[in-house]
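Trainee: When you get a sec, could you give me coordinates for this:
(chains A, B and C)
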Amino acid sequence: MVEVFVNMGQIRALKTEGFLTTVGLGSCVGVTMYDAQAKVGVMGHIFLPKQRPNDRDALPGKYADTAIPAMIQEALKLGAVKHRLEAKMAGGANLFSNLNPNSISIGEQNVIAVREHLQAAGVPITGQAVQGSHGRKMRFSVADGSVTVTAIGKTPVRI
Amino acid sequence: MAKTVLITDDTAFMRMTLRNVIEKHGYEVVGEAGDGKEAVELYKELKPDMVTMDITMPRMDGITAIKEIMKIDPNAKIIVCSAMGQKPMVIEALSAGAKDFLVKPFDAERVVESLRKIGA
Amino acid sequence: MNNSARLDFLKELANIGTGHATTALSQMLHGKLFRLVTPDAQMLPFEELAEYIGGLEQIVAGIFIVISGDVKGYMAFLMPYESALLLVELLTGEFDGEELGELERSALQEIGNIMITSYLNALSKMTGLLMIPSIPALAIDMAGAVWQSVLAGAEVTSDVTLIRTEFSAQGKAIEGNIIFLPDEEDFARVARILGLEAE
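Mentor: Numbering: from 1, shown residues only, chains lettered A, B, ... in the order given. Presented below is the predicted three-dimensional model:
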């Protein structure tokens, strides 16, 4: 079965079956969108919350504000229907927790931004494994919409 | 009576290393501070003969702590033990009142030599 | 200064910096021999950054430091978990090689701190510029997660300049990388100070 790896800043989509996988989510947030009826799945690997003015030609998947609309477009292209889309998210951790303990970590900022943009787009969040201080791997089965999140030294969870 | 020393460093490993060296050479470690703020508080409380001071630490850095301790006791004997050995920083620490500046990594002899010289 | 001259200059800085860093480490380990690999200086598009370190799912120990002062930038120190365990064992002398406790983690943090700060001290001496390291932040996790957190912490955008020096010790039992992400404008200034005037 096909397994597509989604790197930092990328958006990838599959239909009917296969896996979308992203490894090494630290402060980054992995987001999946799924239309269960059309069996269309999209995964993004978001780096920072907001596009920088000096980075206009960046991949749309790099920043939360541009990634969420771009992911919806990818899903629609493969035949998904917008109101059927459901989202899941993982990551947004703060690995270097003793750095700037008084400010909001980049991981948390990413989580907040992803939630905001999903809400603005009207896509509900049906599962999440976010924040904390450890890295994560996310594996999304496009056949059934399940997402497995693994972390070092922890039991994998299905979200 | 053995001279007393207060150790200041934000890493437990470095505090342990310093404690081993200092105690082995007949000094008494009376306290360990994990940052500059703790060092100032412990200085008031313990009145040690000497202090070892790291520079880069959370809450209060070593330079600020040296200045605060010198306000409390202008005769305080502070030895900086820091990885940050750049000239402007050394000058700043010495002019704030530190008596010596050891750049990490240091060997045990160098620490003992400094304690002897400063504590005399 | 053209791009390849600029990268050569950064390589030279990295060579000197890492030379001091590994000398510091071998002093801590009482003279165990270290080997340096020639620094690799590159300007990479964002798309290629994630894969730059490789082995994304392997466990590494990573230390991240933010540089402020006259020149700004970011430094990271990455080593495989096995190397980190061995290093801690050599340093503390009593570690049993099992789970890393607070003392062992603080030893790793201090190693990273001393190595990176020695690197910066050497550059400071050469340039007369102050480079103040932040408190070191330590993470032990999947390489990809640690590396991406470094890149996010450095808020990289596109075409990122990075200089990596690999080193090893005790045969190849201890391996590590020091990665330097300099602020472009600041380092153009450093080049001018050192007489490598822009063309």
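
Trainee: any weak-confidence spans in the chain?
Mentor: As the question left the chain open, I've gone with chain A. A:100-102 (pLDDT under 70).

Trainee: that answer is for a different chain, and I need it for chain C
Mentor: For chain C, residues meeting the criterion pLDDT under 70 lie at C:1, C:33, C:94-98, C:196-199.

Trainee: what about the most centrally placed residue in chain B, is that helix, strand or coil?
Mentor: By Cα atoms, centre = their mean, chain B has its centre lying nearest to B:Thr52, at 1.2 Å. Judged by DSSP: H, G, I helix; E, B strand; the rest coil, the three-state class of B:Thr52 is strand.

Trainee: Show me what from chain B comes close to chain A.
Mentor: Contact residues (Cβ under 8 Å from any Cβ of the partner chain) of chain B with chain A: B:Pro58. For every residue, glycine as well, the C-beta is placed using N, CA and C.

Trainee: I'd say C:Thr161 and C:Leu10 touch.
Mentor: Yes - between C:Thr161 and C:Leu10 there is a contact under Cβ atoms under 8 Å: 6.9 Å.

Trainee: so what sits against both of these two?
Mentor: C:41, C:182, C:187 (Cβ atoms under 8 Å, 6 or more residues apart in numbering or on different chains).

Trainee: which residue ends up closest to the midpoint of the chain in space?
Mentor: I went with chain A, as the question did not name one. Most central in chain A (Cα atoms, centre = their mean) works out to A:Val31, at 1.5 Å.

Trainee: ah, I was thinking of chain C
Mentor: Closest-to-mean residue, chain C, Cα atoms, centre = their mean: C:Ile178 / 2.4 Å.

Trainee: What separation do you get for B:Gly36 and B:Asp9?
Mentor: B:Gly36 sits 11 Å away from B:Asp9, going by Cβ to Cβ, to the nearest Å.

Trainee: I misspoke; the intended subject was C:Leu129.
Mentor: From C:Leu129 over to B:Asp9 the distance is 26 Å, taken as Cβ to Cβ.

Trainee: Please say which of these two ends up with more neighbours.
Mentor: Comparing C:Leu129 with B:Asp9 by neighbour count (other Cβ atoms under 10 Å in any protein chain shown), the higher total belongs to B:Asp9, at 29 against 18.

Trainee: Okay, the more buried one and C:Phe64: tell me how far apart.
Mentor: Counting by Cβ to Cβ, the gap from B:Asp9 to C:Phe64 is 20 Å.

Trainee: B:Ala2 contacts B:Glu28, doesn't it?
Mentor: Yes - under the criterion of Cβ under 8 Å, B:Ala2 makes contact with B:Glu28 at 4.3 Å.

Trainee: I'd like to know how many residues surround B:Met13.
Mentor: No, residue B:13 isn't Met; it's Phe. Residues contacting B:Phe13 under the criterion other Cβ under 10 Å number 21.

Trainee: Report the contact partners of the spatially closest residue to it that is not a sequence neighbour.
Mentor: Spatial nearest neighbour of B:Phe13, chain neighbours left out: C:Ala107 (3.8 Å); criterion: Cβ to Cβ, 6 or more residues apart in numbering or on different chains. Listed by Cβ under 8 Å, 6+ apart, the contact set of C:Ala107 reads B:11, B:13, C:88, C:91-92.

Trainee: cool, and B:Ala108?
Mentor: B:21, B:24 are the contacts of B:Ala108 under Cβ under 8 Å, 6+ apart.

Trainee: Dihedrals phi and psi, it?
Mentor: Torsion angles at B:Ala108 (phi, psi; degrees, to the nearest 10) stand at phi -60, psi -40.

Trainee: list residues touching both of B:Gly36 and B:Asp9?
Mentor: Listed contacts common to B:Gly36 and B:Asp9 are B:Met57; contacts here mean Cβ under 8 Å, 6+ apart.

Trainee: residue contacts, the residue in chain C positioned nearest to chain A?
Mentor: Residue of chain C nearest chain A, by Cβ to the nearest Cβ: C:Gly144 (1.6 Å). Residues in contact with C:Gly144 (Cβ under 8 Å, 6+ apart) are A:23-26, A:135, C:50, C:56-57.
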